[in-house]
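> I would like to see how this sequence folds:
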Amino acid sequence: MAGSSKARVQRKAQANAPAHVKRKMLSAHLSNDLRAEYGVRTARVCKGDTVVVVRGNEDIRNTEGKVLEVFTKDGRISIEGVTINQADGTATVRPVHASNVIITKLNTADEWRIASLSKNKEAKQ
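Predicted coordinates for the structure are as follows:
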């Protein structure tokens with residue numbers, strides 16, 4: 001990130017970062033099973049992954065669900081079952097930061113993604 005330790009400079013650097021850097025900010029830890037299978041600690045959160053919320057308010061913590069949408073602009077994701085009530089009472093998606101979840105099941109539709117994750121394990125052996 002930026003060469004400063006000031007919080008506002010860090011926030012500005014994150015907000016103004018280019019897309020290829022913001023992509024890396026959408027990484028989350030893998031569950032212990034996936035970590036053993038692929039030999040990596042983190043992976044980028046993608047639509048269709050199953051995640052469990054580990055940080056946040058009590059009402060959303062330990063909630064497991066599929067990722068419905070990924071907001072690259074602010075580094076947050078929407079998860080099915082994690083909603084917040086608006087003033088008129090309608091439930092809407094509550095964005096959760098990607099660092100506050102653990103990926104428990106990967107979306108395996110993208111062969112390139114699985115190949116790149118497996119490649120790291122082969123390189124370590």
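> which stretches of the protein form strands?
Taking DSSP state E as the test, the strands found in the chain are 27-30, 42-44, 50-53, 64-71, 76-79, 83-85, 91-93, 96-97, 101-105.
> between those strands, which gets nearest to residue 122?
Among the strands of the chain, the nearest to residue 122 by CB to CB is strand 42-44 (16.1 Å). All C-beta spots, glycine's among them, are computed from the backbone N, C-alpha and C.
> so which bits of the closest one are buried?
43, 44 (16 or more other CB atoms under 10 Å).
> centre of the chain versus that strand, how much separation?
Computed by CA atoms, centre = their mean, to the nearest Å, the chain-centroid distance of strand 42-44 equals 7 Å.
> now do stretch 111-118
Relative to the chain's own centre, stretch 111-118 is displaced by 17 Å; criterion: CA atoms, centre = their mean.
> before we move on, the earlier item: which one of the strands of the chain lies closest to residue 114?
Across those, closest to residue 114 is strand 42-44 (CB to CB), at 10.1 Å.
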